[in-house]
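# I'd like to go over a predicted model; first the sequence, then the structure.
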Amino acid sequence: MDGDKKPWDPSQLRKYDLNLEEIPRLHYKDPKIDEYIKENKPVVITESNIVKPAVQRWSLEYLERNLGHSGHTVFVSRNHKFKYYDEKKIYNRVSNTKGVEFTPPTRKVEMRIEDFMKRVKEWKKGDERIYLQQSLTTTVGNNIVEDFVKFDWDYVNGKQTKHNWGPLTSNLLFIAMEGNQTPCHYDEQENFFAQVQGYKRCILFPPSQFECLYPYPVHHPHDRQSMVDFERPDYNKFPKFKNVKGWEAVVGPGDVLYIPIYWWHHIESLLRGGPTVTVNFWYKGGPSTLEYPLKDHQKVSITRNVEKMLLEVLQDPKEVGPLLRSMVLGRYT
Ligand SMILES: CC1(C)c2ccccc2-c2ccc(C[C@@H](CC(=O)O)C(=O)C(=O)O)cc21
Ligand SMILES: [Zn+2]
């Protein structure tokens with residue numbers, strides 16, 4: 001019995017200069033899970049049946065046979081980073097803050113599942129990397145739909161109701177290559193991040209660390225992403241990044257990580273760990289009544305509204321920074 005054989009080892013994690021603590025791992029029947037969710041704190045839910053049919057059946061071969069014959073959305077990157085960007089914010093005049101054309105770091109293509117799997121199998125160092133994203137709707141094969149309806153919906157619907165979340169907006173399926181990295185960003189939705197195959201390292205930071213993570217301006221295509229490159233942080237441009245304090249978990253098949261709304265997350269498929277499969281459950285946030293003291297994520301939301309309003313009236317993004325500086329420096333500092 002190789003009981004001591006760990007499913008992964010630390011050499012499979014990229015090295016960062018970060019102060020990190022472990023995210024708690026709780027058995028899905030543990031009532032303490034609801035305390036974490038109520039306090040908008042991350043927790044790994046273990047041993048659940050949330051995506052059990054997928055854990056049991058969704059091997060790469062099964063997905064290749066059953067995902068469906070329509071093209072799937074695949075992102076292509078020349079390196080291991082898959083940085084999200086909002087296409088709608090590239091072309092409108094207000095996006096390029098310094099008048100510099102925005103060059104998308106990844107491109108989006110439609111690919112048949114067979115071609116995706118072939119490129120993953122034949123990938124060599126130096127080749128472009130790919131990352132498949134597919135919404136789990138009726139366009140996928142019947143077997144996948146049957147597995148999907150057998151997820152433990154009672155459990156996730158129960159949490160959605162108990163914590164007054166908004167509606168489930170989407171379940172996305174992700175197939176990543178080993179080593180793929182999704183750089184640090186936040187989403188404006190609650191997220192049950194269900195790991196199906198392979199292992200992913202998730203590094204999270206609370207919304208209160210906004211000042212240490214230097215998000216792009218709201219009108220920038222990389223809105224909601226951190227400007228800091230975790231592998232080569234520029235401490236001159238981003239001095240407060242030195243003070244960042246995060247939480248991490250390596251999730252494997254059957255683990256479900258609760259990523260609270262507005263929490264920053266940096267996610268990577270382990271090095272030499274083979275392809276990974278994840279299903280996420282995105283929910284709209286609950287009703288955000290302004291109760292005092294305000295929650296940290298509500299303050300972030302307010303800053304977003306200020307930036308959007310200023311841009312709306314100033315029109316030119318180059319004027320937003322100077323106006324904010326003139327408002328604050330010497331007066332609020
Ligand atoms: C990298 C990729 C494919 C992508 C490219 C271009 C636009 C959007 C996205 C996008 C959005 C979500 C994820 C899943 C996950 C990160 C992870 O598991 O890697 C995550 O962030 C979340 O569940 O919130 C992954 C991606
Ligand atoms: Zn995300």
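Looks like it came in fine. Ligands and ions are numbered 1, 2, ... in the order given.
# so where's this structure uncertain?
1-3, 91-100 (pLDDT under 70).
# Nearest the middle, which residue of it would you pick?
The residue lying closest to the centre of the chain (Cα atoms, centre = their mean) is H265, at 5.6 Å.
# quick one: that one from ligand 1, how far?
6 Å (Cβ to the nearest ligand atom, to the nearest Å). To be clear about C-beta, it is placed using only N, CA and C from the backbone, and glycine gets the same treatment.
# Does that residue lie in a helix or a strand, and which?
strand 264-269 (DSSP states H and E).
# residues from the stretch 151-300 of the chain in reach of ligand 1?
By Cβ under 6 Å from any ligand atom, the residues of the stretch 151-300 of the chain that approach ligand 1 are F174, A176, T182, D187, N191, F193, H265, I267, T278, N280.
# where do the strands sit along the stretch 101-250 of the chain?
Under the criterion DSSP state E, counting those that start in this stretch, the stretch 101-250 of the chain contains strands at 106-111, 129-135, 168-176, 181-185, 189-197, 200-205, 245-251.
# helices and strands around the first one, which ones?
Where contact means 3 or more Cβ pairs under 8 Å, 6 or more residues apart in numbering; DSSP states H and E, strand 106-111 is packed against strand 72-77.
# List the buried residues for the strand it packs on?
H72, V74, F75, S77 (16 or more other Cβ atoms under 10 Å).
# same question, stretch 171-190
171, 173-187, 189-190.
# just stretch 312-324 next, same as before
P317, V320.
# Check the separation of the first and last residues in it.
Terminal residues of stretch 312-324 are spaced 14 Å apart (Cα to Cα, to the nearest Å).
# In the stretch 101-250 of the chain, which residue sits nearest ligand 1?
Here the stretch 101-250 of the chain gets closest to ligand 1 at one residue, T182, 3.4 Å apart by Cβ to the nearest ligand atom.
# what's near enough to touch that residue?
K81, F82, K83, Y84, H265, H266, I267, E268 (Cβ atoms under 8 Å, 6 or more residues apart in numbering).
# Quick check: closest non-adjacent residue to the last one.
By that I understand E268. Once flanking residues are discounted, E268 sits nearest to Q181: 4.2 Å by Cβ to Cβ, 6 or more residues apart in numbering.
# on that earlier part again, pretty sure the residue nearest to the centre of the chain contacts R201?
No - H265 lies out of contact with R201 (Cβ atoms under 8 Å); the separation is 10.5 Å.
# Tabulate the buried residues of strand 72-77 in a markdown table, adding columns for distance to ligand 1.
Shown next, in a markdown table, are the buried residues of strand 72-77 (distance: Cβ to the nearest ligand atom, whole Å):
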| residue | distance to ligand 1 |
| --- | --- |
| H72 | 11 |
| V74 | 9 |
| F75 | 4 |
| S77 | 9 |
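# Pick out the most distant pair among those residues.
H72 and S77 (16.3 Å; Cβ to Cβ).
# Which positions in stretch 298-306 come out as buried?
For stretch 298-306, by 16+ other Cβ under 10 Å, it's Q298, V300, S301, R304.
# Can you tell me which of the residues you listed is closest to ligand 1?
Using Cβ to the nearest ligand atom, the buried residues of stretch 298-306 come closest to ligand 1 at V300, 16.0 Å.
# what secondary structure does the closest one sit in?
helix (DSSP: H, G, I helix; E, B strand; the rest coil).
# before we move on, back to that, a markdown table for the contacts of T182, including distance to V256?
Listed next are the contacts of T182 as a markdown table, based on distance: Cβ to Cβ, whole Å:
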| residue | distance to V256 |
| --- | --- |
| K81 | 25 |
| F82 | 22 |
| K83 | 25 |
| Y84 | 22 |
| H265 | 14 |
| H266 | 18 |
| I267 | 14 |
| E268 | 18 |
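# most neighbours, which of those residues?
E268 (27 neighbours; other Cβ atoms under 10 Å).
# for that one, what are its contacts?
The contact partners of E268, by Cβ under 8 Å, 6+ apart, come to R14, H80, G179, N180, Q181, T182, K200, R201.
# H220 reaches K88, doesn't it?
No - between H220 and K88 there is no contact under Cβ under 8 Å: 11.9 Å.
# If you count surrounding residues, which of those two has more?
When neighbours are counted by other Cβ under 10 Å, H220 comes out ahead of the other of H220 and K88, with 21 against 9.
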